[in-house]
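**Student:** I would like to see how this sequence folds:
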Amino acid sequence: MGSEGPKSGVVFHVTGFKKFQGVAENPTEKIVGNLKGFLDKTGLPAGVTLGSCTVLETAGDGARPMLYQVLESNMVNTGVPTNEQVVWLHLGVNSGALKFLIERQAFNEATFRCPDELGWQPQRQHIIPEDGEIGRVRETSLSIKEISKILKKKGHDVTISEDAGRFVCNYVYYHSLRFAEQKGHKSLFVHVPLFSRIDEESQMQFVASLLEAIASTC
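**Tutor:** A predicted model of the protein is given here:
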């Protein structure tokens, strides 16, 4: 049993989003808001710490200072020992999804299909201009094939996605992947369905399983 756990401690920082156009109630706001209480009842895997849970405004450039404040403050305040791995887990909703989507990568492009919650609607803009071309891709360094395999064995309906879109989810993921690379952290974005497709309790169980799966592969 011990060999299945993380080789060293893993500290998770989890984010979700508030409502946005077309989604009046974002399931990730409720998931992230209730995650600590849920895990207090069910228990965390050995060696795993829940460092923070944050719900972000569903906005891009205008909310970017808040995103980096979250990234930087949690890195400083948790006092993570050097033998522990820091993982940024971002949850977003895909209102058309029927299953959980593990996102492999993010693109250096912001093309919003509708204005974000602060009224910004970029079209074919660089997310990080100094990263070069708009087609630049950053990939997670986590073993998503293995993570997906573990989750499927636990009965969760998951698939690996190659495209997180060009809206706020991709915008946050790209920034997070860049930050994680600079700081020696790991980052992953997962899209969840609406609660009308997969109920809240099942989604809470999925996120608990996801934390365990990520930790076991770090």
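**Student:** Spell out, range by range, the strands that occur in the chain.
**Tutor:** For the chain, the strands defined by DSSP state E occupy 10-17, 48-56, 85-93, 100-103, 105-107, 137-139, 158-161, 186-192.
**Student:** out of the ones you listed, nearest to Asn170?
**Tutor:** Of all the strands of the chain, it is strand 105-107 that lies closest to Asn170, at 5.1 Å by C-beta to C-beta. C-beta here means a position set from N, CA and C on the backbone, and glycine is covered the same way.
**Student:** Give me the contact list for the closest one.
**Tutor:** 127, 134-140, 162-164, 166, 170, 173-174, 177, 189 (C-beta atoms under 8 Å, 6 or more residues apart in numbering).
**Student:** that older thread, distance to Ser216 and mean pLDDT added to the strands of the chain, as a markdown table?
**Tutor:** Converted to a markdown table, the strands of the chain look like this (distance: least, C-beta to C-beta, whole Å; pLDDT from 0 to 100):
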| stretch | distance to Ser216 | mean pLDDT |
| --- | --- | --- |
| strand 10-17 | 9 | 96 |
| strand 48-56 | 10 | 94 |
| strand 85-93 | 12 | 97 |
| strand 100-103 | 15 | 98 |
| strand 105-107 | 22 | 98 |
| strand 137-139 | 20 | 98 |
| strand 158-161 | 15 | 98 |
| strand 186-192 | 13 | 98 |
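**Student:** Using TSV, please lay out those strands together with distance to Pro27.
**Tutor:** TSV is the format used below for these (distance: least, C-beta to C-beta, whole Å):
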stretch	distance to Pro27
strand 10-17	8
strand 48-56	12
strand 85-93	6
strand 100-103	11
strand 105-107	21
strand 137-139	26
strand 158-161	16
strand 186-192	6
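**Student:** Tabulate the ones you listed (TSV), appending distance to Ser73 and mean neighbour count.
**Tutor:** Output for those, formatted as TSV (distance: least, C-beta to C-beta, whole Å; neighbours: other C-beta atoms under 10 Å):
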stretch	distance to Ser73	mean neighbour count
strand 10-17	10	24
strand 48-56	9	18
strand 85-93	13	25
strand 100-103	24	22
strand 105-107	22	22
strand 137-139	23	16
strand 158-161	29	16
strand 186-192	17	24
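**Student:** The helix or strand bottoming out on mean pLDDT in the chain packs against which elements?
**Tutor:** Lowest on mean pLDDT, DSSP states H and E among the helices and strands of the chain sits helix 64-77, with a mean of 79. When contacts are defined as 3 or more C-beta pairs under 8 Å, 6 or more residues apart in numbering; DSSP states H and E, helix 64-77 packs onto strand 10-17, strand 48-56, helix 168-183.
**Student:** Thanks a lot, catch you later.
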